[in-house]
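Undergrad: got a structure for you, letters missing:
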């Protein structure tokens, strides 16, 4: 079977575009230790419908407390509560659709192992996208999944007081 260079180019292009089309707001870290202070990096992989990101709001789930966001040049930070839920918001930028960036916060994790889902709202020029879908019992693929962190049991004898 002959492979043409145009066929290879097409396959390569499709492979390169697939991750971009799948990109969402995600967490760099997939796991953290129960009871520890954890750095969380929320990655914004694209804008909204081709427009720049101008704001990001992260709602902390029960089990993630004591939030300390990392300053970001060109962005203003607000830490507050909304309906009893602690939120961290970055506003400014802008972050053009053609680029990605990370928004970082340190939190204290629950002492109970399990999954923590962080609801995120990405604000762009004229539209916002809520990355807040949490999987249920069905195997339905989520269109706007919330970033998730798996909290693992801390090994015995681990000092988790660092922050």
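TA: On my side now, so go ahead. Fair warning: this is a prediction, and the values are worked out from it, not measured in the lab. Residues are numbered from 1 along each chain as shown.

Undergrad: and the next element down the chain from the least confident helix or strand in the chain by mean pLDDT?
TA: Least confident element among the helices and strands of the chain, by mean pLDDT, DSSP states H and E: helix 5-22 (a mean of 36). Proceeding N to C from helix 5-22, the next assigned helix or strand is strand 25-27, under DSSP states H and E.

Undergrad: so what strands line up beside that following strand?
TA: When pairing is defined by DSSP bridges, strand 25-27 lines up against strand 37-44 (antiparallel).

Undergrad: buried ones in the partner strand?
TA: 37, 38, 40, 42, 44 (16 or more other Cβ atoms under 10 Å). For glycine as for every other residue, the C-beta is placed from the backbone atoms N, C-alpha and C.

Undergrad: List of residues touching it?
TA: 25-29, 32, 53, 56, 58, 66, 95, 100-109, 118, 120, 122, 147, 149, 160, 162-163 (Cβ atoms under 8 Å, 6 or more residues apart in numbering).

Undergrad: Name only those of the residues you listed that count as buried.
TA: Buried among these (16+ other Cβ under 10 Å): 25-27, 32, 53, 56, 58, 95, 101, 103-105, 107-109, 118, 120, 122, 147, 149.

Undergrad: which stretches of this structure have low pLDDT?
TA: 1-23, 137-139, 157-163 (pLDDT under 70).

Undergrad: hmm, try it at 80
TA: 1-23, 137-140, 156-163 (pLDDT under 80).

Undergrad: Among the buried ones among the contacts of strand 37-44, which are located in helices?
TA: Using DSSP state H, no member of the buried ones among the contacts of strand 37-44 sits in helices.

Undergrad: Just give me the neighbour total for the nearest residue to residue 110 once chain neighbours are set aside.
TA: Once flanking residues are discounted, residue 110 sits nearest to residue 63: 3.4 Å by Cβ to Cβ, 6 or more residues apart in numbering. By the criterion of other Cβ atoms under 10 Å, residue 63 has 18 neighbours.

Undergrad: Would you confirm that residue 63 contacts residue 109?
TA: Yes. Residue 63 is within contact range of residue 109, at 6.7 Å (criterion: Cβ atoms under 8 Å).

Undergrad: what do these two both touch?
TA: 116, 151.

Undergrad: Understood, closing this out.
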